[in-house]
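> Okay, predicted coordinates and the sequence, questions at the end:
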Amino acid sequence: MTAAIIDGKGFAATLRERVAALVPAFEATAGRKPGLTVVIVGEDPASQVYVRSKGKATEAAGMVSTTHRLPDTTTQDDLLALVRQLNADPAVDGILVQLPLPKHLDESEVIATIDPDKDVDGFHVVNAGRLAVGQEGFVPCTPLGCIMLLEDRLGDLSGLNAVVVGRSNIVGKPMAQLLLAKSCTVTVAHSRTKDLPEVCRRADILVAAVGRPEMIKGNWIKPGATVIDVGINRVDNGEGGTKLVGDVDFASAAEVAGAITPVPGGVGPMTIAVLLRNTLVSAYRRENVALGK
Ligand code: NDP
């Protein structure tokens, strides 16, 4: 193996410590702790796990974590009423509605009802627009975490060729906007892209956000490139159990890349750390407190 391993787990732990270290100064000025409220509807087991770990991490950072658990019989009107109530609550700095919602609920209307200035997930169209035009807002946690890892590894990204494979609203598109804002030359690839291996081979920075286990092979990668693997796929481990793999075939990619994020332990841990960061930033902005670096 030649590639350096990008330690997202370690970076995320440091970011969480930095966030926690800034909470007391906020509390001293504002007279309250920053607050993150998570809304979960229904019993999806994976969502329950995510929500519990977000709650624990929020409390570990010294912030107030509140969780609203609603039954899957909840109506759209009831959910919207709760979101409006949270919008109006001065103790709530961040509102996160755990997705996916049960099928009878309209996700886009729910997200559109969240106050954009409390939308710490960065999914509201106002925040997508702010990102596109370079205004201050909230950026989705996973791609913002990827940019932090890239800048930590490479420093100035300007002029680099970046290829993002995937164009979802929560990962691929905001990732491309962030790389563009850092003056990369950005290509966004997707399921209709012709000759994807050749497109990937042009990348100094390759971001994989596809959701297809180990699709991107070592011979798709430019020697020395920095590879960010967003994918989280659970597959058979060949021994009757399961394991997590990314969208990149780690073994072959690590022979060619200059640096690569592992799965698990790469991008994954960054998402919650950035969520805490966004909540703290929201609290500081809403109380108009200056945020130190
Ligand atoms: P989506 O399913 O929303 O998007 C997948 C994208 O990949 C689409 O744009 C699709 O193209 C593209 N795609 C699918 N198949 C191919 C193919 N064969 N060749 C090229 N492009 C293809 O996924 P997400 O963006 O939500 O997530 C992507 C991955 O990242 C998943 O594994 C997910 O689990 C993981 N993830 C990890 C997070 C974390 O680390 N915390 C957070 C969020 C996601 P098209 O648009 O043409 O259909």
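Happy to help now that I have it.
> center of the protein - which residue?
The chain has residue 142 as the residue nearest its centroid, 1.6 Å off, counting by Cα atoms, centre = their mean.
> correct me, but residue 274 touches residue 16?
No - using Cβ atoms under 8 Å, residue 274 is not in contact with residue 16; the gap is 9.8 Å. Placement of C-beta: from N, CA and C, glycine included.
> Show me which residues of the stretch 151-293 of the chain sit near the ligand.
165-168, 170-172, 189-193, 196, 209-212, 230-233, 267-268, 271 (Cβ under 6 Å from any ligand atom).
> try 5 Å this time
Proximity of the stretch 151-293 of the chain to the ligand, by Cβ under 5 Å from any ligand atom, involves residues 166-168, 171, 190-191, 209-211, 230-232, 267-268, 271.
> just the helices in the stretch 151-293 of the chain please.
Counting by DSSP state H, counting those that start in this stretch, the stretch 151-293 of the chain has helices at residues 172-181, 196-200, 250-253, 268-286.
> In three-state terms, label residue 100 for me.
Secondary structure assignment for residue 100 (DSSP: H, G, I helix; E, B strand; the rest coil): coil.
> Now do it against the ligand, distance only.
10 Å (Cβ to the nearest ligand atom, to the nearest Å).
> Let me know whether that residue touches residue 111 as I believe.
No - taking Cβ under 8 Å as the definition, residue 100 is not a contact partner of residue 111, at 11.9 Å.
> Compare the two (neighbour count), which wins?
Using other Cβ atoms under 10 Å as the criterion, residue 100 and residue 111 rank with residue 111 on top: 21 against 12.
> give me every residue that touches that one.
Residues near residue 111 by Cβ atoms under 8 Å, 6 or more residues apart in numbering: 97, 119, 123, 124.
> In what element of secondary structure is it found?
helix 107-113 (DSSP states H and E).
> now the helix or strand following that helix against helix 172-181, angle please.
Beyond helix 107-113 on the C-terminal side, the first helix or strand identified by DSSP H and E is helix 125-133. Helix 125-133 runs at 30 degrees relative to helix 172-181, counting by axes from the mean of the first three to the mean of the last three Cα atoms, to 10 degrees.
> what about dumping the CA coordinates of helix 125-133 to PDB?
Output in PDB follows, covering the C-alpha atoms of helix 125-133 (Å, rounded to 0.1, in the frame of the first residue of the first chain):
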ATOM      1  CA  VAL A 125     -33.300  25.400  -0.400                       C
ATOM      2  CA  VAL A 126     -32.400  28.800   1.100                       C
ATOM      3  CA  ASN A 127     -29.200  27.300   2.400                       C
ATOM      4  CA  ALA A 128     -28.500  25.400  -0.900                       C
ATOM      5  CA  GLY A 129     -29.000  28.800  -2.600                       C
ATOM      6  CA  ARG A 130     -26.700  30.600  -0.200                       C
ATOM      7  CA  LEU A 131     -24.000  28.000  -0.800                       C
ATOM      8  CA  ALA A 132     -24.400  28.400  -4.600                       C
ATOM      9  CA  VAL A 133     -24.000  32.200  -4.500                       C
END
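> The single longest helix found in the chain - contacts with which helices or strands?
The residue-count maximum for a helix in the chain (DSSP state H) belongs to helix 8-30. Helix 8-30 makes packing contacts with helix 45-60, helix 141-154, helix 268-286 when contacts are defined by 3 or more Cβ pairs under 8 Å, 6 or more residues apart in numbering; DSSP states H and E.
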